[in-house]
Every structure is written in structure tokens, then in C-alpha cells.
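Trainee: Starting from these lines, generate the structure:
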Amino acid sequence: MHNIRVQKTYPLNADPTGAQSALSARDFFIDPTTFLIASVLNVAGQDANGNSVSREVVFASYQTVGGVTVPFQITEKIHDQSMVTLQLTQMNFNTGLTDASFTK
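Mentor: You can find the predicted model right below:
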């Protein structure tokens, strides 16, 4: 997997401990063959003991619909435990829309 980290950095006076910067970090894991996003990982906060709580959103079962490749399964994990999974069976884009729908 390719790992791309996106993180906002704050001035020292706004974030002296670096906590805000750490919470803004997002790691995108990208399949090197398909270049599709496999998952996004971030720190969701801290538990009662002050330990970081990780949150991961996993994208799977990609299919191409109307020329767009989309994940048909999305799972959210907290501390590696699956919390919710969204399983799509069908997807349509912009049904019934025309160019006139976007004019003033």
C-alpha cells in the first residue's frame, strides 16, 4: 500500500503541545495497482487513560458505475473493532438530471 499522510500544522502559540496537529492527521492507504483508496486512518481522540483511539474507514468491493469506480462496501472501525458496515447493492448517479438542472 502507498501511504499518504495529510496533516494540518498549527502555529506553536495555538498548539503548544501538538495535540491539535496530531488529531488533524489522516493517513490514506492506496492500492498501488489500482490507485483506489483502501482505507483512511486517523486518531479519533483519547480514551479514559489518555491513550490514542484510532478510527479507520475501510473501502472494499469496488465496482464501476457510469464510468466512476466506487466502493460498494464501507466499514468503520474503532480500535480495530468493526462498528458499522455499509453494503451497497446498487448505485446510480444523477438520474433524471439534465444540463438545465445546473443553469440559473
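
Trainee: those strands in the chain, which residues are they?
Mentor: Under the criterion DSSP state E, the chain contains strands at 2-6, 26-30, 37-46, 52-65, 68-78, 81-87.

Trainee: Just want the angle from the second one to strand 52-65.
Mentor: Orientation note: strand 26-30 sits at an angle of 40 degrees relative to strand 52-65 (axes from the mean of the first three to the mean of the last three Cα atoms, to 10 degrees).

Trainee: got the strands of the chain as a markdown table, with distance to residue 15 columns?
Mentor: For the C-beta atoms, the positions are set from N, CA and C on the backbone; glycine is no exception. Shown next, in a markdown table, are the strands of the chain (distance: least, Cβ to Cβ, whole Å):
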| stretch | distance to residue 15 |
| --- | --- |
| strand 2-6 | 16 |
| strand 26-30 | 17 |
| strand 37-46 | 14 |
| strand 52-65 | 16 |
| strand 68-78 | 24 |
| strand 81-87 | 29 |
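
Trainee: Straight-line length of stretch 43-50, end to end?
Mentor: 12 Å (Cα to Cα, to the nearest Å).

Trainee: who's in contact with it?
Mentor: The set of residues external to stretch 43-50 that reach it, using Cβ atoms under 8 Å, 6 or more residues apart in numbering, is 22, 23, 25, 52, 53, 54, 55, 78.
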